[in-house]
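[1] Provided below for reference: sequence and predicted model.
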Amino acid sequence: MGSFLRLEHVSKCFPTGQNCEISPLKDVSLEIGRGEKIVLLGKSGSGKSTFLNLVGGVDVPTSGRIFFDRREITNLSQSELSDYRRKEVGFIFQSFNLFPTLTVRENVMLPLDLLGRPDSRKAREILSAVGLNGHGDKFPEQLSGGEQQRVAIARALIKEPNLILADEPTGNLDQETGEVILSLIYEVSDKKNATLVLVTHSPDALWIADRTFTLKSGKLTEPEIS
């Protein structure tokens with residue numbers, strides 16, 4: 001399997017005064033193949049969200065390089081990074097991040113609107129795929145937490161991204177609903193052969209992974225197999 005997403009000695013630190021004292025990532029190197037599913041385990045503050053922000057083009061590393069499909073993204077301009085996020089990356093957040101004044105259909109279509117190619121038919125298809133057929137005219141507050149997360153997944157996937165980044169996607173859900181959401185993320189990423197990076201503090205998501213890593217104090221390690 002060739003490298004599709006590659007990190008070379010990536011570090012991120014935040015200065016406090018003249019020194020770099022807060023380092024959520026330290027010298028991380030990793031190669032991920034096209035269509036591979038990766039789970040990053042770690043406690044709060046271990047660097048998981050920082051990892052996603054860097055590979056998703058939301059932030060830039062203090063040192064090191066990141067490549068996506070053989071293109072270095074760490075030397076892109078802000079406008080180029082914005083274009084990369086719009087076209088290539090689908091984000092799924094723990095907090096859903098839905099717009100309360102937009103309907104379900106409008107929330108889902110937003111990525112296509114930003115790309116200048118709205119497609120209501122595609123919105124209906126993706127909503128049906130995540131089990132929300134007939135919910136398009138509702139507003140987020142009219143849905144359960146699990147249904148809102150399905151909308152967030154549909155919004156992340158409607159543009160058919162090559163990279164899916166999921167940040168604690170089941171953190172606000174009960175265990176049963178969380179298992180359904182994980183299955184849905186697995187199915188849709190597998191169908192599109194999208195590369196998936198899912199970060200979580202819970203071992204309940206390990207079944208989804210081709211490979212599992214642990215982040216601890218900014219260092220990336222593979223867990224020992226007992």
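    All right, it came through fine. The shown structure was predicted, so the numbers you read here are calculated from the model rather than taken from an experiment. Numbers count the residues shown, from 1 in each chain.

[2] what ranges do the helices span in the protein?
    48-55, 78-88, 104-114, 120-129, 145-157, 175-192 (DSSP state H).

[3] Minimum distance to Gly35: which of those has it?
    Checking the helices of the chain against Gly35 by Cβ to Cβ gives helix 175-192 as the closest, at 7.8 Å. Where C-beta positions appear, they are placed from N, C-alpha and C, glycine not excepted.

[4] what pLDDT, on average, does that closest one get?
    Per-residue pLDDT over helix 175-192 has a mean of 87.

[5] cool, and stretch 26-46?
    Confidence for stretch 26-46, expressed as mean pLDDT, is 91.

[6] Go through it and flag the buried ones.
    26, 28, 30, 32, 35-42, 46 (16 or more other Cβ atoms under 10 Å).

[7] picking that back up, out of the helices of the chain, nearest to Arg65?
    Evaluated with Cβ to Cβ, these place helix 48-55 nearest to Arg65, the distance being 10.7 Å.

[8] elements contacting the closest one?
    Judged by 3 or more Cβ pairs under 8 Å, 6 or more residues apart in numbering; DSSP states H and E, the packing partners of helix 48-55 are strand 3-16, strand 19-33, strand 63-68, strand 163-167, strand 195-200.

[9] Go again with 7 Å.
    Here helix 48-55 touches strand 3-16, strand 19-33, strand 163-167, strand 195-200, going by 3 or more Cβ pairs under 7 Å, 6 or more residues apart in numbering; DSSP states H and E.

[10] closest one to Thr221 among these?
    Distance to Thr221, taken as Cβ to Cβ, is lowest for strand 19-33 among the helices and strands packed on helix 48-55, at 10.2 Å.

[11] now that closest one and strand 3-16, what's the angle there?
    170 degrees (axes from the mean of the first three to the mean of the last three Cα atoms, to 10 degrees).

[12] what are the pairing partners of strand 19-33, and which direction each?
    Strand 19-33 has the following strand partners under DSSP bridges: strand 3-16 (antiparallel).

[13] Kindly export the partner strand (C-alpha atoms) in PDB.
    Taking C-alpha atoms only, strand 3-16 is exported to PDB below (Å, rounded to 0.1, in the frame of the first residue of the first chain):
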ATOM      1  CA  SER A   3       1.700   6.400   1.100                       C
ATOM      2  CA  PHE A   4      -1.300   8.700   0.700                       C
ATOM      3  CA  LEU A   5      -0.800  10.800   3.800                       C
ATOM      4  CA  ARG A   6       2.700  11.200   5.200                       C
ATOM      5  CA  LEU A   7       4.100  13.100   8.200                       C
ATOM      6  CA  GLU A   8       7.800  13.600   8.500                       C
ATOM      7  CA  HIS A   9       9.100  14.600  12.000                       C
ATOM      8  CA  VAL A  10       6.200  16.800  12.700                       C
ATOM      9  CA  SER A  11       6.100  18.900  15.800                       C
ATOM     10  CA  LYS A  12       3.800  21.600  17.100                       C
ATOM     11  CA  CYS A  13       4.500  23.900  20.000                       C
ATOM     12  CA  PHE A  14       2.900  27.000  21.400                       C
ATOM     13  CA  PRO A  15       5.200  29.700  22.800                       C
ATOM     14  CA  THR A  16       4.800  31.000  26.300                       C
END
